[in-house]
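A.B. asks: Starting from these lines, generate the structure:
(one chain, ligands or ions: 1)
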Amino acid sequence: MITFGDYIQPKSVDEAYESLISKKSARLIGGGCFLRMGNRRIGLAIDLSQAGLDYIKDAGEEIEIGAMTSLRSFETSELLKEHFGYMIGDSVKHIIGVQLRNIATIGATVYSKYGFSDPITALLALDADICLYQGGRMALGDFLKEVGHRRDVLEKIIIKKSNKRGSFQTLRNSQVDYAILSVAVVDDEKGIRISIGARPGRAALAIKAMEYINSKGLCEEIASKAGEIAAEELHYGSNNRGSGAYRKELSKILVKRALLEVSK
Ligand SMILES: Cc1cc2nc3c(=O)[nH]c(=O)nc-3n(C[C@H](O)[C@H](O)[C@H](O)COP(=O)(O)OP(=O)(O)OC[C@H]3O[C@@H](n4cnc5c(N)ncnc54)[C@H](O)[C@@H]3O)c2cc1C
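C.D. replies: Below you'll find the predicted structure:
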């Protein structure tokens, strides 16, 4: 069971951050879905629901997604659909059910860097940036490479607009289970990006496969070869959902499938 000492609802990110650093046992609360599965006492619970972080905004060249945006708003946003097609919705639609997606937040998801995270895999392929209250703006890819967790508030996620076409592919033992593997591919004017998550480690880019495909152009044979390169260059581990060897084989198929989908 999770218990709180004090509980506050700051009205701004400034206030949330000051409270966070005021006490070692302080903890931010997004939707609270993941936190509540644990067993701990939180000295100061800082509920971000009133801090003005629930929005999806058109900011000219970019789209900004506030940290307290629910996974359901992320999934159904017309603005995101208009610019990035179905891949964003596809990356969250398997997460448990609508009730949970109405509560769980995108900021907590990204900040927590869960290896199994489907939306992180999609956002990495979309070359998203994040904005931290103290740490400022940085590429999501750099944030994911950092070991451990900063003591900071994730304010928003930023995706640059461009002529992006994307595909999100995943395999699960059942519809709402955690992914055995997830793959996202984005093709835009800068080239193709391939991100692979749930290996079961954090999502990472398949850089060699990207270099290969961007130097060759996209057809079925090249897509198969790119899948093989991606399978070799990243580490695939084992857990109770699948073995490393299985994930490695699977990555060939899902990368090829995603590449062929964006080529249509
Ligand atoms: C039963 C279950 C099944 C799930 N299955 C999947 C799945 O298949 N695929 C998938 O991708 N995800 C899955 N998830 C994870 C889910 O998508 C969310 O990532 C998760 O619930 C965290 O979101 P939350 O808002 O509930 O975070 P919370 O529980 O509120 O917080 C999680 C952590 O993030 C910190 N935090 C919250 N907001 C911020 C912020 N703005 N800045 C900094 N730190 C912050 C909190 O302090 C805490 O440490 C599942 C979750 C549950 C509960």
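
A.B. asks: And the pLDDT at residue 175?
C.D. replies: Confidence at residue 175, expressed as pLDDT, is 88.

A.B. asks: residues touching it, list them.
C.D. replies: Residue 175 makes contact with residue 94, according to Cβ atoms under 8 Å, 6 or more residues apart in numbering. (C-beta placed from N, C-alpha, C; glycine too.)

A.B. asks: how close does it sit to residue 94?
C.D. replies: Separation of residue 175 from residue 94 (Cβ to Cβ, to the nearest Å): 6 Å.

A.B. asks: Would you state the strands of this protein in chain order?
C.D. replies: Per DSSP state E, the chain carries strands over the ranges 2-8, 26-29, 40-47, 56-59, 62-66, 129-132, 136-139, 154-160, 165-172, 179-188, 191-197, 204-205.

A.B. asks: Just checking: what are the partner strands of the shortest one?
C.D. replies: In this case it means strand 204-205. In the sheet, strand 204-205 lines up against strand 191-197 (antiparallel) (DSSP bridges).

A.B. asks: go on, the first one?
C.D. replies: As defined by DSSP bridges, the strand partners of strand 2-8 come to strand 40-47 (parallel).

A.B. asks: Let me see the contact set for residue 208.
C.D. replies: 229, 230, 232, 233.

A.B. asks: what two of those residues are the furthest from one another?
C.D. replies: Distance extremes for those: the farthest pair is 230 and 232 at 7.4 Å, using Cβ to Cβ.

A.B. asks: which of the two has more neighbours?
C.D. replies: Higher neighbour count among residue 230 and residue 232: residue 230, with 28 against 13, using other Cβ atoms under 10 Å.

A.B. asks: Residue numbers of this protein in contact with the ligand?
C.D. replies: Proximity of the chain to the ligand, by Cβ under 6 Å from any ligand atom, involves residues 27-35, 37, 48, 67, 71, 94-96, 104-105, 107-109, 111-112, 116-119, 153-154, 178.

A.B. asks: Narrow these to those in helices?
C.D. replies: Applying DSSP state H to the residues of the chain next to the ligand, the entries found in helices are 71, 107, 108, 109, 111, 112, 118, 119.

A.B. asks: so where is the protein shaky, pLDDT-wise?
C.D. replies: Along the chain, no part satisfies pLDDT under 70.
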